[in-house]
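1. Build me a model:
(one chain, ligands or ions: 1)
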Amino acid sequence: MVPVHYIESGAGTPLVLLHAFPVDARMWNPLRSRLEEQARVITPDQRGLGESSLDGTTARGMIEPAAAPLTVDRPSVDVAAADVLELLDQLELPRVVLGGCSMGGYVAMAVLRAAPQRVAGLLLVDTKAPADTDEQRTNRLNVASRAEKEGTGGWLAENMLPNLLGSATREKRPEVVGDLRALIEAQPADGVAWAQRAMAARPDSVEALRAFDGPAMVAVGAEDTITPPAAAREMADALPRGELVELAGSGHLPSLEAPDALADAVRPWLAGIDV
Ligand code: MLT
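-> Predicted coordinates for the structure are as follows:
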């Protein structure tokens, strides 16, 4: 277990939001500010990213470093999910509404596999349930090796930006493009490599979704090409109480691209959840 750094604000329904790759908890800030009158919004940095260290030995400006050096755990979304559960224990939160965007959705589904009783409601944003294909896995392992060899400056943002943001955002909102580039450039190479290997190893989560009978919202940017609306529809269909929301004018990261529309969809849904 590695202590995770998190940002917390607001009061009300406990809402834990897990971030996408290759960014950190700050991607949720636009949504957080729109929900904090209704929710206690808790956004962890996944181990190795943001201010959470990979092995607990080099606290990146947070909690306490481990007394003795730890080894780096094998890359796995199940390990990332165990970190989230450990954080909930520390915060004395037996149950929360759990949300995740893309990689954060993969980790949220891993929490659902491990401890469904802790999930009072599930918010899946621009993510998908199936495991990777062999080709996707190979690409991830190549990105992991390149990050370790070259660091994350320049190439990672160049490669990912066109896919992460929708065309409307890329063409008309240079400030969002600039903010996202800065978030990507801030991520340490070891954490980026670990996250890619963890995602490459993740299993299919469709059965976990089918088994979850709590309230579930699946939100997707209409312009998302990484996890497109069809993938969102499959998750909403698998979830017994799944509700699908498509967000116009957004790509893969609606918290940055369409925070008003995402917040407008989440507020009434959240209000109906009894944690
Ligand atoms: C993300 O946004 O977290 C990633 O694009 C997810 C992925 O690579 O599958």
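
2. Can you tell me the closest non-neighbouring residue to the residue nearest the centre of the chain?
-> By C-alpha atoms, centre = their mean, the chain has its centre lying nearest to residue 104, at 2.1 Å. Leaving aside its sequence neighbours, residue 104 sits nearest to residue 18 (C-beta to C-beta, 6 or more residues apart in numbering; 3.1 Å). (Glycine included, C-beta is placed from N, CA and C.)

3. For the lengthiest helix in the chain, C-alpha coordinates in CSV please.
-> Longest helix in the chain by number of residues, with DSSP state H as the criterion: helix 134-150. Below are the C-alpha coordinates for helix 134-150, written out as CSV (Å, rounded to 0.1, in the frame of the first residue of the first chain):
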residue,chain,number,x,y,z
ASP,A,134,-3.0,-7.6,-28.1
GLU,A,135,-2.2,-4.6,-30.3
GLN,A,136,-3.3,-2.1,-27.7
ARG,A,137,-1.3,-3.9,-25.1
THR,A,138,1.8,-3.8,-27.3
ASN,A,139,1.4,0.0,-27.8
ARG,A,140,1.1,0.5,-24.1
LEU,A,141,4.3,-1.4,-23.3
ASN,A,142,6.1,0.6,-26.0
VAL,A,143,4.9,3.9,-24.4
ALA,A,144,6.0,2.6,-21.0
SER,A,145,9.5,1.8,-22.3
ARG,A,146,9.8,5.1,-24.2
ALA,A,147,8.8,7.1,-21.0
GLU,A,148,11.5,5.3,-19.1
LYS,A,149,14.1,6.0,-21.7
GLU,A,150,13.2,9.5,-22.8
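
4. which residues sit in contact with residue 238?
-> 129, 206, 209-210 (C-beta atoms under 8 Å, 6 or more residues apart in numbering).

5. so what's it closest to, chain neighbours aside?
-> Nearest one to residue 238, counting by C-beta to C-beta, 6+ apart, is residue 209 at 4.1 Å.

6. The one you found is in contact with residue 129, isn't it?
-> Yes: counting by C-beta atoms under 8 Å, residue 209 touches residue 129, with 5.8 Å between them.

7. Touching both of these two, which residues are there?
-> 109, 235, 238.

8. Show the model's pLDDT score for the closest residue to the ligand within the stretch 151-275 of the chain.
-> Residue nearest to the ligand within the stretch 151-275 of the chain (C-beta to the nearest ligand atom): residue 226, separated by 4.9 Å. As predicted, residue 226 sits at a pLDDT of 97.

9. before we move on, the earlier item: tell me how many other residues crowd the residue nearest to residue 104.
-> Counted by other C-beta atoms under 10 Å, the residues lying close to residue 18 total 30.

10. Could you give the bridge partners of it?
-> Applying DSSP bridges to residue 18 yields these beta-bridge partners: residue 100.

11. got the contact list for it?
-> Contacts of residue 18 by C-beta under 8 Å, 6+ apart are 43-44, 46, 84, 98-101, 103-105, 107-108.

12. Can you tell me how far the residue of the stretch 151-275 of the chain closest to the ligand is from residue 268?
-> Residue 226 sits 27 Å away from residue 268, taking C-beta to C-beta, to the nearest Å as the criterion.

13. before we move on, the earlier item: now go through the shared contacts of residue 209 and residue 129 and say which are in helices.
-> 109, 235, 238.

14. what about the first one, neighbour count?
-> Neighbourhood size, residue 109 [other C-beta under 10 Å]: 28.

15. next one: residue 156
-> For residue 156, using other C-beta under 10 Å, the count is 21.

16. need the contact list for the residue nearest to residue 21 when sequence neighbours are not counted.
-> Nearest in space to residue 21, with sequence neighbours left out and distances taken as C-beta to C-beta, 6+ apart, is residue 103 at 4.0 Å. Neighbour list for residue 103: 18-21, 46, 77, 127, 195, 199 [criterion: C-beta under 8 Å, 6+ apart].

17. okay, residue 103: pLDDT?
-> Looking at residue 103, the pLDDT reads 98.

18. if I look at it, how far off is residue 185?
-> Distance from residue 103 to residue 185, by C-beta to C-beta: 18 Å.

19. what do you get for residue 25?
-> Counting by C-beta to C-beta - residue 25 and residue 185 are separated by 16 Å.
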